[in-house]
Structure formats: C-alpha cells, structure tokens
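[1] Sharing a model prediction with you, sequence too.
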Amino acid sequence: MKNPMLEAVSLLLEKLLLIANLKIFSSAAPGEDKKSNFYEINSFLRGDVLEVPRTHFTHYGIYLGDNRVAHMMPDILLTLTDDQALTRKVVSNKRLILGVIGRVAAIRVDTVEDFAYGGDILANHLDESLQKAALVNEEVARRAEKMLGMTSYSLLWNNCEHFVTYCRYGTRISPQADKFCEIVKIIIRDQRSVLASAVLGLASIIYLGMASYTTLPAIFIPFCLWMVG
C-alpha cells in the first residue's frame, strides 16, 4: 500500500516544479510561430538521443530514423477522446499543461521539426553529461518503439528524461528532476522556512478559524520541515 504522506509530498513537489517552469509553457505552442530552422537530419542515427534545450528545462526524444522521433508528451486530450485524428496533432501548450496536471501522457512519434518546435537540437549530449555507457543504438530504438502509447506522467518520477535514459542506458534517471529536489531540500533545511511556514499557519488559523482542515496542516507542515531540517 502506498504511503499517503509520501504521495502528498510527491504531488506537492510536482506542483512546485510545474509552477517553477510555468514561463516555458506560456511561450508559443508546438507548431505555433516556429522558427525556420534547418536540421542536419542525415547526421542523426537511429537510436540517438535528441534533446532540445529550453529556458528552464530540456526536452528529450529517441531518433527512430526516417525523420521520426519518439518522445513522451503530456496530453490531456488522451483522457477525453479516442479520436486519433485529434490526438495525433502536435500537442499544444494547453493540452500539455493539463496533461501534466492530469498526469497522463503518450510516448508518441513526431517529425524532427515537430519535436524541436523551433529549438536547436543536440544529439547524444547525455552520454557526456551523465558519463554512462550507452546501449547499442538499435537496442535503444527498439526499446523506444516497444513503449509507444499511453502512459502515466510525473514531473518527478516519469518524464521525458526518464523515458530516454531507460532506452539509452537501461535505467530511469532524470538529472533535471533530481536538481529540483536538491533545491527543495536546501530550502526546507533553512530554518527560516520553518519559521515562515509556522507564521503562515498561525495566520491561517486566526483567519479561517480552528477547523481541523486548517489547524492540522498549520501544525503538521512546520513540524515536518523542522524534522527534515
């Protein structure tokens, strides 16, 4: 049985990560206002990891050859319709954000252009940054193809980086999510954050009254922060 407290903390961290990256979602949607970039597609090999750096995060995919990229995209439309004519369209920002909140995604295949949506592409940069031995390219591509379809989504535990690292190295890791968690740890270890949460909790009790739904979080959250710190 899953620990309800761990699930609540995980959900809170995911929401914080979503808010922290909200600016990137407010930019032009995939397929909207694209730059006219030229990609050396012939330089990509089947099984390569392609990445598109953004302002606050990096999006990853596995090149399958023939101008096709497998990548994980949150998409709320998957829970609303089975019409492939609609779901196969390039995922817009609204669909993406709601997909993150709804924790549903698809490992789908798009063209290199739609995958990049105007960004510059790096190939196999993770090999250097993670210093891990990659599997044979054909095995990487086959792993990606076997995983195509709907999947659950989590900013912290199952995102596009987890997908490509599993395909490429055989293990699910996400340095981006790990970095965010380290930042959160630094924050909660600061005793000032405990004091601030206690003050806010006291203010909520005074303002909202002594109802259990206000008093319990007001006491429990500062206590947890203090214990973790």
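    Looks like it came in fine. Treat the numbers as computed from the prediction; the structure is a model and nothing was measured.
[2] only C-alpha atoms for contact and neighbour calcs from this point on.
    Will do.
[3] What residues sit buried inside stretch 165-179?
    Residues of stretch 165-179 classed as buried by neighbour count (16 or more other CA atoms under 10 Å): 165, 166, 167, 168, 169, 172, 173, 174, 176, 177.
[4] Could you tell me the average pLDDT over that stretch, please?
    For stretch 165-179, the mean per-residue pLDDT is 88.
[5] Repeat that for stretch 48-58.
    For stretch 48-58, the mean per-residue pLDDT is 84.
[6] Same question for stretch 123-141.
    Across stretch 123-141, the average pLDDT comes to 91.
[7] quick one: contacts of that stretch?
    44-51, 62-64, 167-170 (CA atoms under 8 Å, 6 or more residues apart in numbering).
[8] let's see 7 Å
    46, 47, 48, 49, 50, 51, 62, 64, 167, 168, 169 (CA atoms under 7 Å, 6 or more residues apart in numbering).
[9] helices or strands next to the helix or strand in which residue 98 is found in the packing?
    Assigned by DSSP states H and E, residue 98 belongs to helix 93-102. For helix 93-102, the contact count by 3 or more CA pairs under 7 Å, 6 or more residues apart in numbering; DSSP states H and E identifies strand 68-74 as packing neighbours.
[10] next SSE after the strand it packs on?
    Immediately after strand 68-74, counting by DSSP H and E, sits helix 84-87.
[11] which parts of that next one are buried?
    Buried residues in helix 84-87, defined by neighbour count with 16+ other CA under 10 Å: residue 87.
[12] please begin residue numbering at 187 from this point
    That works, and once the first residue is 187, the last one we named lands at helix 270-273.
[13] does residue 249 really touch residue 237, like I thought?
    No - counting by CA atoms under 7 Å, residue 249 stays clear of residue 237, with 10.1 Å between them.
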